[in-house]
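> build the 3D model from these lines:
(one chain, ligands or ions: 3)
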Amino acid sequence: MAEYKELLKLIDRTRLPQHIAIIMDGNGRWAKKHNRRRIEGHLEGAKAIRRVVRFCGEIGIKILTLFAFSTENWNRPKREIQALMNLLYKFLKEETNNLRKNNIKLVVSGQVERLPSKVRAELSSSIDGTKENSGLILNLALSYGGREEIVRACREIAKQVCNRREKFKDINEQFFNEYLYTSGLPDPDLLIRTSGEFRISNFLLWQIAYSEIYVTPVLWPDFNRRDLLLALIDYQRRERRFGRVKSG
Ligand code: IPE
Ligand code: IPE
Ligand code: MG
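Ligands and ions are numbered 1, 2, ... in the order given. All right, here's what the predicted structure looks like:
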């Protein structure tokens with residue numbers, strides 16, 4: 001705890017990332033390491049979500065995007081998918097009140113229509129119940145795939161142009177942004193992946209063009225406030241150039 005307080009002092013509150021995105025990986029490996037079933041790893045992972053959401057709200061992060069279920073995760077065994085969906089349902093049911101109390105606004109990115117109807121219903125009621133909140137925006141990426149998102153945007157834009165509701169000459173990067181699930185949100189400043197894998201796994205392909213990437217070997221269920229502080233300290237040591245040359 002003492003170390004945590006020391007680390008907290010190293011953070012420059014005026015230079016926090018506005019938007020943090022996390023690939024929450026390693027639940028299965030955590031379970032294996034502890035001789036438990038994969039679903040128990042996911043259960044511990046849900047606890048880590050609660051911790052990280054609370055912490056981000058407390059230190060003043062504006063947006064937190066969590067990769068909870070990818071389009072490719074539908075290819076996992078049926079049993080695991082079902083367990084994950086049940087867990088998601090329970091999480092939404094239990095957490096909505098806390099989100100409301102802590103001024104957190106829930107939004108979602110992904111193919112919501114593919115989720116089981118009881119999850120969809122709970123999701124809508126959480127989104128609706130927190131829509132007036134002005135604190136942290138919690139963006140859950142569910143049945144999310146970066147490629148699917150881009151193709152979906154292209155199809156929608158093509159449709160609008162064919163129907164003459166949009167003009168071909170108006171299509172630019174800013175315009176395109178508005179057709180993505182993340183429309184209205186700034187790009188992530190910091191992308192964290194837990195459990196040591198150096199890959200993107202189809203997450204936010206468009207939005208992470210200039211995100212700072214931080215990979216930690218810590219498995220997601222073990223990820224805590226201290227680990228997030230370490231990521232923030234690392235982020236604040238970097239120089240973001242966006243293709244320009246160093247100023248001064
Ligand atoms: C991340 O943990 C959670 C989801 C993808 C839903 P994993 O389930 O991928 O855990 P590992 O990668 O097998 O350890
Ligand atoms: C990425 O993790 C998806 C989520 C964290 C939801 P995966 O475990 O599915 O990715 P791979 O298979 O290691 O690339
Ligand atoms: Mg994984």
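> please enumerate the helices of this protein.
Using DSSP state H, the helices of the chain run over residues 2-9, 27-33, 38-59, 78-101, 117-130, 146-162, 173-177, 225-236.
> now for those, which one comes closest to ligand 2?
Closest to ligand 2 of these is helix 27-33 (Cβ to the nearest ligand atom; 7.6 Å). Quick note: C-beta positions are derived from backbone N, CA and C, even for glycine.
> what about that closest one and ligand 1, any contact?
Yes: Helix 27-33 reaches ligand 1 (Cβ under 6 Å from any ligand atom) through 27-29.
> around ligand 1, pick out the residues from this protein.
Checking the chain against ligand 1 by Cβ under 6 Å from any ligand atom, the hits are 24-29, 69, 73, 84, 195.
> ok, the residue of the chain at minimum distance from ligand 2 - contacts?
Using Cβ to the nearest ligand atom, the closest approach of the chain to ligand 2 is made by residue 201 at 3.6 Å. By Cβ atoms under 8 Å, 6 or more residues apart in numbering, residue 201 lies in contact with 23, 25, 67, 70, 72.
> residue 70 versus that one, what's the distance?
Here residue 201 is placed at a distance of 6 Å from residue 70 (Cβ to Cβ, to the nearest Å).
> residues making contact with the lowest-mean-pLDDT helix or strand in the chain?
Lowest by mean pLDDT, DSSP states H and E among the helices and strands of the chain is helix 2-9, with a mean of 90. For helix 2-9, contacts defined as Cβ under 8 Å, 6+ apart pick out 225-226, 229-230, 233.
> ok, stretch 124-138 next?
Residues contacting stretch 124-138 (Cβ under 8 Å, 6+ apart): 53, 56-57, 61-64, 66, 92, 95-96, 99-100, 102-108, 185.
> 6 Å - rerun?
Here stretch 124-138 makes contact (Cβ atoms under 6 Å, 6 or more residues apart in numbering) with 53, 56-57, 63-64, 92, 96, 99-100, 103-106.
> cool, and stretch 238-248?
Contacts of stretch 238-248 (Cβ under 6 Å, 6+ apart): 210, 212.
> CA atoms only: put that stretch into PDB for me.
Output of stretch 238-248 as PDB, limited to C-alpha atoms (Å, rounded to 0.1, in the frame of the first residue of the first chain):
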ATOM      1  CA  ARG A 238       6.500   9.100 -23.500                       C
ATOM      2  CA  GLU A 239       6.700  11.800 -26.100                       C
ATOM      3  CA  ARG A 240       3.800  11.800 -28.500                       C
ATOM      4  CA  ARG A 241       4.900  13.200 -31.800                       C
ATOM      5  CA  PHE A 242       2.000  12.300 -34.100                       C
ATOM      6  CA  GLY A 243       4.500  12.200 -37.000                       C
ATOM      7  CA  ARG A 244       5.900  15.600 -36.300                       C
ATOM      8  CA  VAL A 245       9.400  16.400 -35.100                       C
ATOM      9  CA  LYS A 246      10.200  17.100 -31.500                       C
ATOM     10  CA  SER A 247       9.100  20.600 -30.500                       C
ATOM     11  CA  GLY A 248      11.700  23.100 -29.100                       C
END
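> about what we covered before: mark which of the contacts of residue 201 are buried, thanks.
For those, a burial check counting by 16 or more other Cβ atoms under 10 Å picks out 23, 25, 67, 70.
> farthest-apart pair in the residues you listed, please.
25 and 70 (10.3 Å; Cβ to Cβ).
> got a list of what the closest residue to residue 197 other than its chain neighbours touches?
Nearest residue to residue 197 in three dimensions, chain neighbours excluded: residue 25, at 6.0 Å (Cβ to Cβ, 6 or more residues apart in numbering). Going by Cβ under 6 Å, 6+ apart, residue 25 touches 194-195, 197, 220.
> can I get the contacts of stretch 124-138 in a markdown table including neighbour count?
Below are the contacts of stretch 124-138 laid out as a markdown table (neighbours: other Cβ atoms under 10 Å):
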| residue | neighbour count |
| --- | --- |
| 53 | 21 |
| 56 | 25 |
| 57 | 17 |
| 63 | 22 |
| 64 | 23 |
| 92 | 21 |
| 96 | 20 |
| 99 | 22 |
| 100 | 16 |
| 103 | 13 |
| 104 | 22 |
| 105 | 20 |
| 106 | 23 |
